[in-house]
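[1] requesting a structural model of the entry that follows:
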Amino acid sequence: MNDPFHLVPQRASSMAGAVDHVFFTVLGITGVTALAVTATIIVLCIRFRRGSRAERSPPPTRHRGLELAWTILPLLVFLGIFLWAAKVYSDFFRVPPDAIPIFVVARQWMWQAQHDNGRREIDELHLALGQPVRLLMTSQDVIHSFYVPAFRLKRDVVPGRYQTLWFTPTELGEFYLLCAEYCGTEHARMRGRIIVLSPSEYARWLAASQPAPGMAARGAELYRQYGCSGCHDPPSTVHAPRLAGLYGRQVHLQDGRTVVADEAYLRDSILQPGKEVVAGFASIMPSYQGQIGEDELLQLLAYLQSLKEAQ
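    I've put the predicted structure just below:
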């Protein structure tokens, strides 16, 4: 596992280099500016000390060229850094289509990860070198923060919301996974490790687990268990929206708005069905708030996404 006491952790993800470049550029510019200002202050203090023969005639009150220079040049530098950092930040939300989905639930005081084939991990996350990964994260209790120093990644995980984070591991080895948000008495012990394997080793590790239903298969069982199929499947006589092909599609609501059926929308539709009612349908669905856990919600989402892929 990488040494946490290095001044700068090693770079081990596709995001690390871009983040470091922005950080050290800002650090260098601010450092040089601070040194220049400090040196100027020291020189002026020595030159204009009491008793020196320095010229003390009244200084000029206007110097348009100097005023324009110290206004425009820093503005251009700051705008350049802002646009550069905004580009790096936007890359965190451009998920590659081939990214492997992994579902993460944070709770006091552990990280629980579940792979698409159903394999689960506690305080560990196995990944394949060079393979993009998309994490869909939520919290079951309080605010946590998913933090991997070597990957230069940190994202708050908030109860009742889904957070998406993607990256590509670029180095083999083990790396610290920490919680960077105080979350209770055992906050300091909420830590784990990310283990990056070669693609062949990762495939063997994934296949070595006990046979278990995948995320979508478990979601299909919950779909029937909670009676969703009785209203939403085509043979049903209940006037309810059809779910096949819904994920990722635009949905028109009764209030005239149009939203995308992403994870957040589907979650709200299950827990707060009266919040965003589909146009042309009555608000008759009961709420499942308090009946379905975060793990089961993620499994239902995986099933609904598989319906979209089947279409």
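[2] low-confidence stretches in the chain?
    Applying pLDDT under 70 to the chain flags the ranges 1-7, 209-212, 308-311.
[3] tell me how many other residues surround I194.
    Applying other CB atoms under 10 Å, we find 24 residues neighbouring I194. For every residue, glycine as well, the C-beta is placed using N, CA and C.
[4] same check on V142?
    What V142 shows, counting by other CB under 10 Å, is a neighbour count of 17.
[5] tell me which element the nearest residue to it once chain neighbours are set aside falls in.
    Spatially, and ignoring its direct neighbours in sequence, V142 is nearest to C183 (5.1 Å; CB to CB, 6 or more residues apart in numbering). If you go by DSSP states H and E, C183 is not part of any helix or strand.
[6] distance of C183 from S145?
    In this view, C183 and S145 are 8 Å apart by CB to CB, to the nearest Å.
[7] and the helices in the stretch 151-300 of the chain, which stretches?
    For the stretch 151-300 of the chain, the helices defined by DSSP state H, counting those that start in this stretch occupy 199-207, 215-225, 229-232, 263-271, 294-310.
[8] thinking again about what came up before, so who does the residue nearest to V142 touch?
    Neighbouring residues of C183 by CB atoms under 8 Å, 6 or more residues apart in numbering: Q108, W109, D141, V142, I143, H144, M190.
[9] neighbour-wise, which of those leads?
    Neighbour tally across the contacts of C183 (other CB under 10 Å): the maximum, 31 neighbours, falls on H144.
[10] for it, give me its contacts.
    A106, D156, V157, C179, E181, C183, M190.
[11] can you check which helix is longest in the protein?
    Secondary structure of the chain per DSSP state H: the longest helix is helix 16-47.
[12] most neighbours of all the contacts of H144, which one?
    Neighbour counts for the contacts of H144 (other CB under 10 Å) peak at A106, which has 28 neighbours.
[13] spatially central, which residue of this protein would that be?
    Geometric centre of the chain, nearest residue: L165, 3.3 Å, by CA atoms, centre = their mean.
[14] isn't it up against F92?
    Yes: using CB atoms under 8 Å, L165 is in contact with F92, at 7.2 Å.
[15] touching both of these two, which residues are there?
    The contact sets of L165 and F92 do not overlap (CB under 8 Å, 6+ apart).
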